[in-house]
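Chemist: Based on what follows, work out the 3D shape:
(chains A and B)
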Protein chains: 2
Amino acid sequence: MTPIAKIFSLLALLLVVASVHAQERTLAERLGYPRDAKLIIVHADDLGMAHSVNIATVKAFESGLVTSGSIMMPCPWVPEIAAYAHANPQADLGLHLTLTSEWTQLRWGPVSSKDRVASLLDPNGYFRLTESEAAKYADPKEVELEIRAQIERAKALGIVPTHLDSHMGTLYQNKALFEVFLRVAREYKLPVRVAKAWFTRTDFLPEIIKPDDVFIDRVLDINPGVEPQDWARFYSDALRKLEPGVTEIVIHVAYDDAEMRGATSDHPAWGAAWRQRDFDFFTSDAFRQVLKENNIKLITWREIGKLIAK
Amino acid sequence: MTPIAKIFSLLALLLVVASVHAQERTLAERLGYPRDAKLIIVHADDLGMAHSVNIATVKAFESGLVTSGSIMMPCPWVPEIAAYAHANPQADLGLHLTLTSEWTQLRWGPVSSKDRVASLLDPNGYFRLTESEAAKYADPKEVELEIRAQIERAKALGIVPTHLDSHMGTLYQNKALFEVFLRVAREYKLPVRVAKAWFTRTDFLPEIIKPDDVFIDRVLDINPGVEPQDWARFYSDALRKLEPGVTEIVIHVAYDDAEMRGATSDHPAWGAAWRQRDFDFFTSDAFRQVLKENNIKLITWREIGKLIAK
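Modeler: Residues are numbered from 1 along each chain as shown, chains lettered A, B, ... in the order given. Model (predicted):
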C-alpha cells in the first residue's frame, strides 16, 4: 500500500469510527445493555470435525456456560450435529467456513464439486494443510462458490446458521478473501467474527467495512504459549481484566479420547488434551464464579444477528 | 432372462467348470498347497472409515491372525491407514470400493468430482445409504469413473493394493455394475472377492467370468441372527466344518469405543459391539487353537494375486 493509500485508509477508518460515535450507541447498548456492560459469547469452534468434538460441545452447551458454536460443513460428522441443530432450534450455531484440512491422519475436501474449486485443493483432493497455503493458492471466485455451497448445504440439512466465521482465519488472510467473506455474509444477513480491535492490525479492513456492518469489540483466545497447568488462570485473569463491550471467547472443545488423540497426534497445539482443558474450564464452577464476581453476562450471536436489518 | 438364455448361461458355466477341471489344479494347488488343504484369508473390511477401525485392525494384523484388510478411499481416516501401508509394504491391503455411506451420523461422498458422478449421490452430496438404492440409481459409466478414481487416489497416497472388493456388495447388485468391477480389476490385474460358490446364485455371473479369472472357493461371514454370546461358537463351528480350498472369512473389526458407538448408534448389526466381538475372537488364543486343531492355514490376497499374469 502506498503512503497516500494508507492515509485514505485511515481517513476511511476515522469516518467509520466517527459514524459509530455519531450513532452514540455502542453494540452493548444496541443489544439492550448498559454502556459499561461486560458481555461475552463463549464460542466452541470445529463442530462436525469429529464425534468427540460434537459430544463434548453439546455437553458444554448443556452446562449453560458455552453459548455458541460453529460447524465445519465439509467434515465427516456434520450429520450428527445437524440432527442436534434440528432438535434444538434455539441453539446458537453458526458456520465455521472451512478451506483447510489441517490434520494429517483425518482429512476432508470441499462441499462443492472438486473440478470447480481446483485452486483450493492439494494434489490428493483434500483442502490444504495451512491457512497461509490455502490463501496463497485460492482463487477468490472459487472461494465464493465453496463458501456459498457450505451455507446452502447447511440449510439443506436443516441448520439455520446464526453467524459465520472462518476456520483457521483463512478468510482473513488477504483483502480479496475478506471481501468475499463480507459480501456473502451481508447477502445472507449474518453477523461475522470481526472485532473492532482488529481494525488497526490490517491495512485492508478499514477499506472494506461499511457503516451498517455489525462488529463485536474483541476476540479472546488462548495460545500455545500457555502451559497446561496455567489454563484456568489464563482465562480467569483475562475475565477479571475484561473491558466493557462484547467479547467473543473462542475455544476448542473435545474430549481427550482415542479419536481426538488419533486426529491430533502430531499437533499438541489445539490437540486432544488442549480441547479437554478448554472443556474442563468452560464447564467448571470456577468459570461460573468468575462470571458472577465480575458481573459478566453471557450472550449469543443470535442476539447480535437481530441488529442486522432483514 | 429367457429360458434359452438361461440354458446358454448354464452351458457357459459348465465350460468354465470344465476348463477348471481340464487344468486339473485347484486354486489351493496353484498356490502350492495340497488339493485337500484348508486355506483361509481372514479379512477385515472398512479400513479408513474411523480411527477405531484403523487402530483395531492394525492391532489385529499384529496378532498375526488377521491377514488382510481393505480400505474405503472416500472415508475421512484414509490418510492414517495410508501412512500404515507406506510403513508396512508387506501388509495385505486392498481397496474396499465404496459407493454407499450407510451411517446416519458420519457420512462421506465420492473421490471424484461430484458433477461427474451425480447418479451416485443423494441430495446432500453423500453416497446413498443402502447398496440397493445405490445400485438402482447408479450409472455404470459413473461407477467406473469413481472406482478408477478410488484406485488412482490410493496409488497417489502410496497404497499398492493387493486386491479389490466392494463395500456392502454394491458392485454385485446387478450385471452392469459387476461387469464394470471385473473390467477394472482385470485391467489393474488385481484379484477380486468373488467366490465360486456364488456362481449358482446369480444369473449373470457365469456370463461375465472368463477362464483366466481367479476366484476363491467361498466367502464366510457372520450374520445378524447370531446372538452375541454365540459369536465365538459360530466361528469355531464354521472353522471345524471348513471344506478344503480357499475361504475368505470377512470380518469387521473395531473397538467398542465412543467413536464407533457414535458412528453406529442406530445400527446394532455391524455396530461397535459387533466389531469388538469380531476383534476379540479373531485375535484370541481360542481362534489360534481352532486353526491348529483343524490344520487350517492362513493365506493372503497377495499370494492369490501372483497367479494373475502381469
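
Chemist: Please work out the average pLDDT along stretch A:123-134.
Modeler: Mean pLDDT, stretch A:123-134: 97.

Chemist: does it come close to chain B?
Modeler: Yes - Stretch A:123-134 reaches chain B (C-beta under 8 Å from any C-beta of the partner chain) through A:Pro123, A:Asn124, A:Gly125. (Glycine included, C-beta is placed from N, CA and C.)

Chemist: Once you drop chain neighbours, what's closest to the second one?
Modeler: In this structure, A:Asn124 finds its nearest non-sequential neighbour in B:Ala156, 5.9 Å apart by C-beta to C-beta, 6 or more residues apart in numbering or on different chains.

Chemist: One more: the first one?
Modeler: Of all residues beyond its chain neighbours, the one nearest A:Pro123 is B:Ala156 (6.9 Å), with distances taken as C-beta to C-beta, 6+ apart.

Chemist: isn't the one you found right up against A:Tyr126?
Modeler: No - assessed by C-beta atoms under 8 Å, B:Ala156 is found out of contact with A:Tyr126, at 11.2 Å.

Chemist: ok, the two, which is more surrounded?
Modeler: Taking neighbours as other C-beta atoms under 10 Å in any protein chain shown, B:Ala156 and A:Tyr126 compare with A:Tyr126 leading, 19 against 12.

Chemist: That one and A:Ser101, how far apart?
Modeler: Shown here: A:Tyr126 relative to A:Ser101, a distance of 5 Å by C-beta to C-beta, to the nearest Å.

Chemist: Need the overlap of contacts for the two.
Modeler: Here A:Tyr126 and A:Ser101 have A:Arg107, A:Trp108, A:Gly109 as joint contacts, going by C-beta atoms under 8 Å, 6 or more residues apart in numbering or on different chains.

Chemist: Could I get those residues in a markdown table, plus columns for neighbour count, pLDDT and secondary structure?
Modeler: Listed next are those as a markdown table, based on neighbours: other C-beta atoms under 10 Å in any protein chain shown; pLDDT from 0 to 100; DSSP: H, G, I helix; E, B strand; the rest coil:
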| residue | neighbour count | pLDDT | secondary structure |
| --- | --- | --- | --- |
| A:Arg107 | 23 | 98 | coil |
| A:Trp108 | 22 | 98 | coil |
| A:Gly109 | 20 | 98 | coil |
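
Chemist: Chain B next: which of those residues are close?
Modeler: Among the shared contacts of A:Tyr126 and A:Ser101, chain B is touched by A:Arg107, A:Trp108 when using C-beta under 8 Å from any C-beta.

Chemist: Sort out which one of the shared contacts of A:Tyr126 and A:Ser101 lies nearest B:Ile41 for me.
Modeler: Nearest to B:Ile41 among the shared contacts of A:Tyr126 and A:Ser101: A:Arg107, at 29.4 Å, using C-beta to C-beta.

Chemist: Angles on the backbone of that closest one, please.
Modeler: phi -140, psi 170 (degrees, to the nearest 10).

Chemist: for chain B, what are the nearby residues on chain A?
Modeler: Within reach of chain B by C-beta under 8 Å from any C-beta, chain A has these residues: A:50-52, A:54-55, A:75-80, A:83, A:104-108, A:111-116, A:123-125, A:153, A:156-157, A:255, A:257-259, A:262-263.

Chemist: From the residues you listed, list the buried ones, please.
Modeler: Applying 16 or more other C-beta atoms under 10 Å in any protein chain shown to the residues of chain A next to chain B, the neighbour count classes A:50-52, A:54-55, A:75-80, A:105-108, A:111-114, A:116, A:125, A:153, A:157, A:255, A:257-259, A:262-263 as buried.

Chemist: Tell me where the stretch 1-150 of chain A has strands.
Modeler: A:38-47, A:68-71, A:93-97 (DSSP state E, counting those that start in this stretch).

Chemist: Out of these, the one nearest B:Phe181 is which?
Modeler: strand A:68-71 (36.2 Å).
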